[in-house]
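# can you look at this prediction? I've put the sequence above it.
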Amino acid sequence: MTETVDAAVRKFQKELNAGTVALVLLAILERSETPLYGYQIAKQIEGAGGMSLKQGTLYPVLRSLEGQGLLSSRVEPSVTGPPRKYYAITAEGAEVLAAWSETWDRTRTFVDVTLKGGRDR
C-alpha cells in the first residue's frame, strides 16, 4: 500500500470507529450479565477482533451515554488500585440499542448493495 492509501485507510477507519463506538458499547453492556468497568469493556472490544479502541476514546463515550440516560454507573473500591466505575445499560439504553441496530442493518445493507454495484445479493 502506498503511504497515501495507508493514510486514507487510517482516516476512514477512525471515522468509522467514531460512528460505531456507542453502538458497540451498548451492545456489549446489554449482553453482559453484570456491570463492567472501562478496562473490561475495552478488552471485550479487542476480543471481538474488529476495532482497536484507545481508552481515551472509550471514557468520553461512556460519559456521554450515561449523560443521555442510556447507561447507569456505580463506583466501587478496588483492592488492586483506584476505585472502579462500573457501567450497566438502562431500559432506555436497551430501547435505543434496538433502534440503532435497525438503523445499522439498513445502513449496512445500503453500503453492501452500493459496493456491489447496486445489485442486492
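That came in fine, so what should we check first? Numbering: from 1, shown residues only.
# and Lys85, helix, strand or coil?
For Lys85, the secondary structure call by DSSP: H, G, I helix; E, B strand; the rest coil comes out as strand.
# wait, what's in contact with it?
When the contact criterion is CB atoms under 8 Å, 6 or more residues apart in numbering, the partners of Lys85 are Tyr37, Gly38, Ser73, Arg74, Val75. Heads up, the C-betas are built off the backbone N, CA and C, glycines and all.
# try it again at 10 Å.
Pro35, Leu36, Tyr37, Gly38, Tyr59, Leu62, Arg63, Glu66, Ser73, Arg74, Val75, Glu76 (CB atoms under 10 Å, 6 or more residues apart in numbering).
# check these and tell me the two furthest apart.
Across those, the longest distance by CB to CB is 17.6 Å; it joins Arg63 and Glu76.
# re the thing from before, now the contacts of Lys85 as a markdown table including neighbour count, secondary structure and pLDDT?
Rendered in a markdown table, the data for the contacts of Lys85 read as follows (neighbours: other CB atoms under 10 Å; DSSP: H, G, I helix; E, B strand; the rest coil; pLDDT from 0 to 100):
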| residue | neighbour count | secondary structure | pLDDT |
| --- | --- | --- | --- |
| Pro35 | 18 | coil | 98 |
| Leu36 | 20 | strand | 97 |
| Tyr37 | 17 | strand | 94 |
| Gly38 | 15 | helix | 91 |
| Tyr59 | 14 | helix | 92 |
| Leu62 | 22 | helix | 95 |
| Arg63 | 14 | helix | 95 |
| Glu66 | 16 | helix | 97 |
| Ser73 | 14 | strand | 97 |
| Arg74 | 11 | strand | 97 |
| Val75 | 11 | strand | 97 |
| Glu76 | 10 | strand | 94 |
